[in-house]
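Trainee: When you get a sec, could you give me coordinates for this:
(chains A, B and C)
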Amino acid sequence: MSSSFSKGSARSLGIAIAVVLVLGMIAVPVIGSRALVQDLFSVLTLLVLALNWNMLAGFAGLVSVGQQAFVGIGAYVMFACTILWGLDPLVGVLVGGVAAMLFSIPMAFFAFRLNGAYFAIGTWAVADIARLVASQWTALGGGTGTSLPKGTTKDMFGVPFVKDLLDVSSAAAADAVTYWLALALALAMLTISYVFLRSKMGLGLQAVRDNLEAARSVGINPTRLKALVFTLCAFGTGLTGALIFIQITRVTPQAAFAVIDWTAFVIFIVVIGGIGTLPGPILGALVFYALERLLADYGTVYLIALGLLGIAVMLFARRGLWGLITDRTGFDLLPLGHAPPAPLSETRQPVPERT
Amino acid sequence: MIWLDTLVQGVLLGGLYALFAAGLSLVFGIMRLVNLAHGDLIVLAAYVILGICSATGMNPFIAATLALPVMFVFGWLLQTHLFNRVLGEDILPPLLVTFGLSVVTQNLLLEFFSADSRKLAMGAVEAQSVTLGPFTLGLIPLATLGSAFAVIFALNQLFYRTALGRAFRATSDDRVTVQLMGIYPQKVFAIATGIALMVATLAALYLGARANFDPTIGPARLLYAFEAVIIGGLGSLWGTLAGGLVIGVAQAFGAAINPEWQILAGHLAFVAVLLVRPRGLFPRAND
Amino acid sequence: MSEGEPLLAVEALTAHYGDFQALFGVDLHLDPGGCVAIIGANGAGKTTLMRTIAGILRAGAGRVLLDGAEIQRLAAPEVLRHGVAMVPEGRKLFPSLSVEENLLIGAHERKGDGRWNLETIYDLFPILRERRRNPGTALSGGQQQMVAIGRALMSNPRVLLCDEISLGLAPVVIRDIYAAVPRIRESGTAIVVVEQDIGQALKIADYVYCMMEGRVTLSGRPSDLSREAIHDAYFGVSHDLA
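Mentor: Reported below is the predicted structural model:
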């Protein structure tokens, strides 16, 4: 919009701000309180979940309501690795991610036969199946769940080193390690999303979302591409789920496969921030965190506010907060060279409602 | 013999699921709207009935009759002021709006009625049962199944025998051309959602009569109902009834083997049916 | 074009599809009980004009007057209530409805009696009486077109807009369908037909408009229009170059 503010200088300013922010965030465990580290950990993990869901729904057009399946599987397999097979919890995280990815293959085989809204319900039902099966896993406490043995994280990879380095308790060091992993995961997810969406394959993915026929006609196999994205997002979601439950240290089927915590909140974050954009989920995660801080003492009121905000965004600002910002300023931090889903009035023929 | 009894109990349970699903099926069939708040709206209706009962001391059956017009108007308002504004080619906005409505409804109910379990006191009928040959059938479960049949039958008559039903089907086919017939799709949708919430009120009556309920049970009921709709086939009301029965019977057999397997068995039946028939048991020819 | 007030008058009408302007100030007059034809190549704006009059598309500038009252801001269902019915391009029958139900839904908003009802429609197109229980979409193209025309007539309109009713049909079928036009006019309904077949248009209309690229390039009574003038207006060749 503003002529004195060229696109190039906007870009380099954006990059400079991002670098400073990242350095600041890396330093948080060194200079910040442990409570802050834990808070930011949950923001970051929610952000990763949001980026994954945004990739599915915002770019691939796959509206999944079953992401809690991957969180739960990641968490359960990590617990199994640690408790049953004596592996390092961080190895468990990796195995958990792989397990979630493997689960997503038969899940995709089933859910991809269903279109649109059916897909949403189908993924939800499959996630519920995963929850019910997990509650039959008696070695991990069945329906009541189980806890990580005391001191598990004390010996976790990297923890003794950080403990000595920062001269803090083992618990604080474990928080720092999981925090840095969450930060790394968030940055990796952002980078991968950015690179992928600007790649030929990513542009193909957006072509698939915008026009299936056109995508087919230029030789993109939409199903294979979507299945690939679905599987990779399952991996990312599973990794995150496992990491979250190292922090929580206790797993139950209800908590690990909670549709509200791991899918509903995530959807609100993406929608409020701006679906189909990369900065959207970041903004959404911050708003979510702020709302949580403000209203956490009023449990139900907080959820009512979140629900109303989500509805309001869909009614009045379909492209979310980030959409509002780019509309006002014409400034795009991470330009993807495509338009996010336009409001219907623009994509449809000028129509009916002439009341 | 015990298996036959399980089958009968499953069919009775399926009647309840069919009632949960009938309103969804109606709305889904006419406007392709996936109402993720349907389960919570059923729970809301149960609290409306409960409220009328405790305010007036009425029998829940009579209270439900009073709740019917209230819920119709509520559905009409919801559709007119909320859902109509987001319906379009993109399925995401309506999905997210109904999802938001689900969260809001559930938590408003928690705020007003707390998380305590409630039940609708039906009086003497509650404990009564009839003996049919070797089976003993509870009167309330039997009434549930009977109501499910009656509701599906009535909706079918409405669909295929009335001018309103004609407008429903035409609007479902082509919501642009129908305007050339002098019909506003938005108004048709508002009536449909009003009717769907009346059916939800009946479902709420039997939900509250058969078991305890609290503000949080909506989403799970929604999932069973959706499974019934999808198994039945989009737009087929009798299919929805069949779908409800499939889920109910599967859950009954699952529970007979191991009580923890009840829900799982229902989900597995859903997956199994869709693997064999991706468009459900009775898909409409022209979709 | 004639004495007296026109029943339908389109004045300087414009319309857009997003950024694309499809109509540039179109004028058109239809007398009570009259029949005008709009001819032109694909993309000339004929269908856009029909859809804009019917209220399916939003009008830009300009006016549409029915009996002197402005209707260009009304939604399609309101336009129908004022007495303008449309047979849409491609027939657009409702697949879930039988032939008879397709006809009945045309009368959904009708109050009171009028010339057209199921019986008179079946008299106009007798084949439909035999097929009335069939799904509308199970019929041949010509029969579907008859249902679409009948469906529009069921509202007893004062103006009937017919968009490409001969498209894709065999000549013998087209003749059967156009045979109904005089009987519709006798009932007092005025007609606007969009037609690609110039011969057909000249035969049935009192007045012909030729459109190209969103504008009326030529208009007149069929007897006053030379083949050359129509050809030029149709294909955009100017007289100087010809």
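Trainee: of all of the stretch 51-200 of chain B, which residue lies closest to chain C?
Mentor: Nearest to chain C in the stretch 51-200 of chain B, going by CB to the nearest CB, is B:Gly182, at a distance of 3.1 Å. Every residue, glycine included, has its C-beta placed from N, CA and C.
Trainee: what about that residue, distance to A:Leu185?
Mentor: Counting by CB to CB, to the nearest Å, the gap between B:Gly182 and A:Leu185 amounts to 57 Å.
Trainee: for A:Val65, same thing?
Mentor: 23 Å.
Trainee: Compare neighbour counts for these two and give me the winner.
Mentor: The neighbour comparison of A:Val65 against A:Leu185 (other CB atoms under 10 Å in any protein chain shown) goes to A:Val65, with 26 against 21.
Trainee: name the helices or strands packed onto the helix or strand containing C:Met86?
Mentor: C:Met86 is part of strand C:84-87 when elements are defined by DSSP states H and E. If you count contacts as 3 or more CB pairs under 8 Å, 6 or more residues apart in numbering or on different chains; DSSP states H and E, strand C:84-87 packs onto helix C:46-54, helix C:141-153, strand C:159-163.
Trainee: Show me where the chain dips below the pLDDT cut-off.
Mentor: Going with chain A. Low-confidence segments of chain A, defined by pLDDT under 70: A:1-7, A:208, A:210-220, A:330-355.
Trainee: wrong one, I was asking about chain B
Mentor: Applying pLDDT under 70 to chain B flags the ranges B:1, B:285-287.
Trainee: At which residues are the strands of it located?
Mentor: B:129-132, B:135-138 (DSSP state E).
Trainee: The first one - contacts with which helices or strands?
Mentor: With contacts taken as 3+ CB pairs under 8 Å, 6+ apart, strand B:129-132 sits against strand B:135-138, helix B:139-161.
Trainee: Relative to B:Val43, which of these is closest?
Mentor: Nearest to B:Val43 among the helices and strands packed on strand B:129-132 is helix B:139-161 (16.6 Å), distances taken as CB to CB.
Trainee: Report the buried residues of that closest one.
Mentor: Residues of helix B:139-161 classed as buried by neighbour count (16 or more other CB atoms under 10 Å in any protein chain shown): B:139-145, B:147-148, B:151-152, B:155, B:159.
Trainee: hmm, that helix touching chain C?
Mentor: No: in terms of CB under 8 Å from any CB of the partner chain, no part of helix B:139-161 sits within range of chain C; the closest distance is 9.2 Å.
Trainee: ok, and what's touching that helix?
Mentor: B:9, B:11-16, B:18-19, B:22, B:26, B:122, B:125-126, B:128-130, B:164-165, B:168-169, B:195, B:199, B:202, B:206, B:209-210, B:237-238, B:240-241, B:244 (CB atoms under 8 Å, 6 or more residues apart in numbering or on different chains).
Trainee: Narrow the residues you listed to those that are buried.
Mentor: Using 16+ other CB under 10 Å, the buried ones in the contacts of helix B:139-161 are B:9, B:11-16, B:18-19, B:22, B:26, B:122, B:165, B:168-169, B:195, B:199, B:202, B:206, B:209-210, B:237-238, B:240-241, B:244.
Trainee: Buried deepest among the strands of chain B, which one?
Mentor: Each of these was scored by mean neighbour count; the highest is strand B:135-138, a mean of 14, by mean count of other CB atoms under 10 Å in any protein chain shown.
Trainee: And it, what does it pack against?
Mentor: By 3+ CB pairs under 8 Å, 6+ apart, strand B:135-138 packs against helix B:2-31, strand B:129-132.
Trainee: Make TSV from those and add distance to C:Thr120 to it.
Mentor: Shown next, in TSV, are the helices and strands packed on strand B:135-138 (distance: least, CB to CB, whole Å):
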stretch	distance to C:Thr120
helix B:2-31	31
strand B:129-132	56
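Trainee: related to what we said a few turns ago, contacts only, for the residue of the stretch 51-200 of chain B closest to chain C.
Mentor: C:Pro77, C:Leu80, C:Arg81, C:His108, C:Glu109, C:Arg110, C:Ser155.
Trainee: Would you list the phi and psi of the third one?
Mentor: Backbone torsions of C:Arg81, given as degrees, to the nearest 10, read phi -60, psi -30.
Trainee: wait, it sits on C:Glu109?
Mentor: Yes: the criterion here is CB atoms under 8 Å, and C:Arg81 meets it with C:Glu109 at 6.3 Å.
Trainee: Over to the residue in chain C that chain B sits nearest to. Which of the three states is it?
Mentor: In chain C, the residue that lies nearest chain B is C:Glu109 (3.1 Å; CB to the nearest CB). Three-state assignment for C:Glu109 (DSSP: H, G, I helix; E, B strand; the rest coil): coil.
Trainee: ok, it - contacts?
Mentor: B:Met181, B:Gly182, B:Ile183, C:Pro77, C:Leu80, C:Arg81, C:Ser155.
Trainee: How many neighbouring residues does the first one have?
Mentor: B:Met181 has 28 neighbouring residues, counting by other CB under 10 Å.
Trainee: Same check on the fifth one?
Mentor: By other CB under 10 Å, 26 other residues sit near C:Leu80.
Trainee: picking up where we left off before, in the contacts of B:Gly182, which residue is surrounded by the most others?
Mentor: Top of the contacts of B:Gly182 by neighbour count (other CB under 10 Å): C:Leu80, with 26 neighbours.
Trainee: That one: which element?
Mentor: Counting by DSSP H and E, C:Leu80 is part of helix C:76-81.
Trainee: do the same with C:Glu100
Mentor: Assigned by DSSP H and E, C:Glu100 falls in helix C:99-106.
Trainee: Identify all contacting residues around that helix.
Mentor: Contacts of helix C:99-106 (CB under 8 Å, 6+ apart): B:163, B:166-167, B:170, B:178, B:181, B:183, C:85, C:93-94, C:97, C:118, C:121, C:128, C:131-136, C:139, C:147, C:150-155.
Trainee: what comes into contact with whichever helix or strand comes after it?
Mentor: Next helix or strand after helix C:99-106 toward the C-terminus (DSSP H and E): helix C:118-124. Identification of contacts with helix C:118-124 by CB under 8 Å, 6+ apart yields C:Glu100, C:Leu103, C:Leu104, C:Leu128, C:Arg129, C:Arg132, C:Gly150, C:Leu153, C:Met154, C:Ala180, C:Arg183, C:Ile184.
Trainee: can you list those in CSV and add distance to B:Leu95?
Mentor: Converted to CSV, these look like this (distance: CB to CB, whole Å):
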residue, distance to B:Leu95
C:Glu100, 37
C:Leu103, 37
C:Leu104, 35
C:Leu128, 42
C:Arg129, 45
C:Arg132, 40
C:Gly150, 39
C:Leu153, 41
C:Met154, 37
C:Ala180, 47
C:Arg183, 50
C:Ile184, 46
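Trainee: Excluding chain neighbours, what is closest to B:Val34?
Mentor: Residue nearest to B:Val34 in three dimensions, not counting chain neighbours: A:Ala117, with 3.8 Å by CB to CB, 6 or more residues apart in numbering or on different chains.
Trainee: check contacts around that neighbour.
Mentor: Neighbours of A:Ala117 in contact, by CB under 8 Å, 6+ apart: A:Val63, B:Phe28, B:Arg32, B:Val34, B:Ile91, B:Leu95.
Trainee: just checking, the last one touches B:Leu36?
Mentor: Yes: applying CB under 8 Å as the test, B:Leu95 and B:Leu36 come out as touching, 6.5 Å apart.
Trainee: For the two, indicate the residue with more neighbours.
Mentor: B:Leu36 (29 against 23).
Trainee: for the chain, longest helix please?
Mentor: I went with chain A, as the question did not name one. helix A:170-198 (DSSP state H).
Trainee: nope, chain C please
Mentor: Assigned via DSSP H, chain C shows its longest helix as helix C:171-186.
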